[in-house]
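Colleague: I would like to see how this sequence folds:
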Amino acid sequence: MGSTDGHNNWVASVTTAVFDGRPVAVTGSGDNTVRVWDLLTGERVGTPWAAHTNAVRALATSVLDDRPVVISGGDDNTIRVWDLASGKPMGEPFNLQADSVEALAIGERHGRTVAVTGCYDTTVRVWDLQTRQEVMSPIHGHTGPVYAVATTMLDGRWVAVTGGDRTVRVWDLDTGDPVGKPFTGHSGYVGALAVTELTAGHQVVISGGYQSTTHVSDLATGLPVGALPRSANLEAVTTAIVNGRTVAITCDSNEPTIQLWDLKTAEPLGELFPQHPRTLHAVATAVVDGRQVVVSSCDGGSVRVSDLVVGEPTNKPIRHDATIRAVTATTSVTGQPMVVTGSDDKTVRVWNLDTGDQTCPPFTDHTGPVTAVATTHGDDRTLAITGSEDGTVHLWDLTLGKPAGPPLTTHHRPITAIATDNTGGLPRAITAGDDKTIRVWDLRTGEETGNPRKSDHRWIHALATTTLSGRPVAVLGRWGGGFRIRDLATNRDTTLQTTGRNGKPVRLVATTNADERPIAITTNDDWREPPLEVWDVATAQQLGRLPTLNVTALAATTINGHPIAVAASYRTVTTWSLTTFDKIIPDLEFPDPVNAVAATPQGHIIICFDRDLAVLTATRSS
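Modeller: The predicted model follows:
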């Protein structure tokens, strides 16, 4: 859904609440503040709460005297209670007389609301939120800092579940006594845990931490129920019910991703996006505009909201064996949405956009990295056209999953760009290469149409196709900046081109339509000019500029009449309105450089980072 950057240090804790009928997220940070965010708009609510004198590591929400409150704790060794409506502290802080508060949770003791804290000095402490008194002596048992706390009902009594050292322990909140024996089996300290009901009346604890597999244990007995594979170094965990399925939502210190797990089967269900650029610290769930979402935070201070979309269990990573260089999206003749990717591993792969499955074995005929991909339809079949550093162009029948003819070998240097004419007439492709030629192909015969065109001075880096006055044309990025137009029916250049240009070569071109007029977006390497320029193709006049730096991938489409551009800059992906030239969603961050993007009229954005593929779906903006 999006992200926001408001804290200026790591965000260690996140919780959610509903205030005045609106879902909000509350975050605590190493910048010593607590902040509240409107999850419908992404905007901060009020000013930062700045009473803590050191990092805020733990948060919880509750209700006192019919007022929603936030409880916070941190490295200043205090707990503070805040009025959620006003953001004002309620009374003096609780002075724990202990080391920093690492975790806290809200429970009940003798019918009164209490805060249970896990402290760095190895103790668990319980405080009455109304009297502000510690209701029992500190609970001892852990031999190291207590990094995780949860509360729940077990056999009719309130208990606290705590994690630290290498154990998970359960405590009776009425007496402070241990319930059963410690849960053992962790090979490192327990840094995060959550409690949920796996089946009716059967509660489990999900726990994990540094260099330790994430375990699922029976709360009543402490016996192992299962383990989540490949989930060492657990940083945060929460749970949710999605379509009747109990789901664990985890993040660990090795991956900047949010992982989903089916708790009954311990099978992975996929990942959530947008991803964070750095280590995640906290996750929480909420309902926003009728949708379940996950709110997460990371080292860099960002807070992100991802739709909680759960697929079927899968152990198949959606990835190539090397960096993905090119991507395009299409629809098969049977109506299935598909994505075609080309990679440095010399393969072309075809994916079902709905399921994430490969629709056929990889195409392996290229002998060099695949640098360009395009698709088209013709004769009741869907074709992919791919180009490689080996200088060849291959045609693939995506319906049958096999070559659609012999390779096109007229180019004798690496292929730099491919586009197709999808106007519904003669299926054509246009290719450009390092041999400084631009060629147009009849895809029914595999023959060139007309003579190849020599490009301006050097090779063409990028091209795209569109329709101008009812005729299919190619928009060719010029060596000196801007573009020129080539008529695909005659395979001749037109007189239409941008004028007065003396810049650097255009590296990327994308086209779409706005109010039935073709528009183009171009970018070049000239530091003296804005990175992205938007053009009216019919007049070759500039319509506007988009201030995205160092663009590495570019795509455009029109969704429900709204033209958009998607641009990647290193690990950041930005989506722009081509009507207002404003960002339409917050920037998306990925863990690796983004080398290729695509966008579809159905609202899908496909992002290729390193060897991985992410598919995002546009939703209604709140």
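Colleague: may I have stretch 437-448 exported as PDB, CA atoms only?
Modeller: Provided in PDB are the C-alpha atoms of stretch 437-448 (Å, rounded to 0.1, in the frame of the first residue of the first chain):
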ATOM      1  CA  THR A 437      20.800  -0.900 -37.000                       C
ATOM      2  CA  ILE A 438      17.100  -0.800 -36.400                       C
ATOM      3  CA  ARG A 439      15.100  -3.600 -38.000                       C
ATOM      4  CA  VAL A 440      11.400  -4.300 -38.400                       C
ATOM      5  CA  TRP A 441      10.100  -7.800 -38.700                       C
ATOM      6  CA  ASP A 442       7.000  -9.500 -40.000                       C
ATOM      7  CA  LEU A 443       6.300 -12.000 -37.200                       C
ATOM      8  CA  ARG A 444       4.200 -14.300 -39.400                       C
ATOM      9  CA  THR A 445       7.000 -14.900 -41.800                       C
ATOM     10  CA  GLY A 446      10.100 -14.100 -39.700                       C
ATOM     11  CA  GLU A 447      11.300 -11.800 -42.500                       C
ATOM     12  CA  GLU A 448      12.400  -8.200 -42.400                       C
END
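Colleague: what residues sit buried inside that stretch?
Modeller: Within stretch 437-448, the residues scored as buried using 16 or more other CB atoms under 10 Å are T437, I438, R439, V440, W441, L443. Glycine gets a C-beta too; all of them are placed from N, C-alpha and C.
Colleague: tell me which strands the one helix or strand the fourth one maps to pairs with, and in which orientation.
Modeller: If you go by DSSP states H and E, V440 is part of strand 437-442. Using DSSP bridges, the strands paired with strand 437-442 in its sheet are strand 428-433 (antiparallel), strand 447-448 (antiparallel), strand 453-454 (antiparallel).
Colleague: show me which positions of stretch 136-152 end up buried.
Modeller: Quick answer for stretch 136-152 (16+ other CB under 10 Å): 136, 138-139, 141-142, 145-152.
Colleague: ok, stretch 496-512 next?
Modeller: Buried, per 16+ other CB under 10 Å, within stretch 496-512: 496-498, 501, 503-512.
Colleague: run the chain-centre distance for it.
Modeller: In this view, stretch 496-512 has its centroid 31 Å away from the chain centroid, taken as CA atoms, centre = their mean, to the nearest Å.
Colleague: okay, now the unreliable bits of the stretch 401-550 of the chain?
Modeller: 423-425, 455-459, 500-503, 525-530 (pLDDT under 70).
Colleague: give me that answer again for 80
Modeller: 422-426, 450-460, 479-481, 499-504, 525-531, 548-549 (pLDDT under 80).
Colleague: in it, which spans are helices?
Modeller: For the stretch 401-550 of the chain, no helices are identified by DSSP state H, counting those that start in this stretch.
Colleague: show me where it has strands.
Modeller: Using DSSP state E, counting those that start in this stretch, the strands found in the stretch 401-550 of the chain span residues 402-403, 415-421, 428-433, 437-442, 447-448, 453-454, 463-468, 471-477, 483-487, 492-497, 506-514, 517-524, 532-536, 541-546.
Colleague: of those strands, which is nearest L59?
Modeller: Minimum separation from L59 across the strands of the stretch 401-550 of the chain (CB to CB) falls at strand 541-546, 37.5 Å.
Colleague: parallel or antiparallel, which strands does the next helix or strand after that closest one pair with?
Modeller: The helix or strand immediately downstream of strand 541-546 is strand 553-559, counting by DSSP H and E. Partners of strand 553-559 in the sheet, by DSSP bridges, are strand 562-569 (antiparallel).
Colleague: could I get the partner strand in CSV with only the CA atoms?
Modeller: Only the C-alpha atoms of strand 562-569 are listed here, as CSV (Å, rounded to 0.1, in the frame of the first residue of the first chain):
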residue,chain,number,x,y,z
HIS,A,562,-5.3,7.4,-15.9
PRO,A,563,-1.8,7.4,-17.5
ILE,A,564,1.0,6.5,-15.1
ALA,A,565,4.8,6.0,-15.3
VAL,A,566,6.8,3.6,-13.1
ALA,A,567,10.4,4.5,-12.7
ALA,A,568,13.2,2.7,-10.8
SER,A,569,16.2,4.4,-9.3
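Colleague: least confident secondary structure element in the chain?
Modeller: strand 2-5 (a mean of 49; mean pLDDT, DSSP states H and E).
Colleague: which is the next helix or strand following that one?
Modeller: With DSSP H and E setting the assignment, the helix or strand that follows strand 2-5 is strand 11-19.
Colleague: for the helix or strand containing V116, buried residues please.
Modeller: For V116, the host element (DSSP H and E) is strand 112-119. Neighbour counts over strand 112-119 (16+ other CB under 10 Å) mark T113, V114, A115, V116, T117, G118, C119 as buried.
Colleague: D307: neighbour count?
Modeller: Number of residues near D307 (other CB atoms under 10 Å) recorded here: 15.
Colleague: my read: it touches G290, true?
Modeller: No - if you go by CB atoms under 8 Å, D307 and G290 don't touch, sitting 11.2 Å apart.
Colleague: let me know the pLDDT of H276.
Modeller: With respect to pLDDT, H276 has a value of 59.
Colleague: cool, A12 as well?
Modeller: Listed pLDDT for A12 reads 84.
Colleague: ok, it touching S72?
Modeller: No - using CB under 8 Å, A12 makes no contact with S72, being 10.8 Å away.
Colleague: now for the two: what residues contact both?
Modeller: Common neighbours of A12 and S72 (criterion: CB atoms under 8 Å, 6 or more residues apart in numbering): G28, V56, A58.
Colleague: just the ones of those residues in strands?
Modeller: Counting by DSSP state E, these place G28, V56, A58 in strands.
Colleague: closest one to F363 out of those residues, please.
Modeller: G28 (50.1 Å).
Colleague: what sits against N352?
Modeller: Q336, P337, M338, Q358, T359.
Colleague: D345 too?
Modeller: H320, D321, A322, P369, R611.
Colleague: put the buried members of those residues into a ChimeraX selection.
Modeller: Buried residues among these (16+ other CB under 10 Å), as a ChimeraX selection:
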select :320,369,611
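Colleague: pick the one among the contacts of D345 closest to D177.
Modeller: Set against D177, the nearest of those by CB to CB is R611 (52.4 Å).
Colleague: and the furthest pair within the contacts of N352?
Modeller: The widest separation within the contacts of N352 (CB to CB) is 14.0 Å, between P337 and Q358.
Colleague: which one's more surrounded, the two?
Modeller: Just comparing P337 and Q358: by other CB under 10 Å the higher neighbour count belongs to P337, 17 against 14.
Colleague: skipping adjacent residues, who's closest to that one in space?
Modeller: Closest residue in space to P337, ignoring its immediate chain neighbours: L353 at 3.6 Å, by CB to CB, 6 or more residues apart in numbering.
Colleague: pLDDT weak spots in the stretch 101-250 of the chain?
Modeller: Short version for the stretch 101-250 of the chain, where the test is pLDDT under 80: 229-232.
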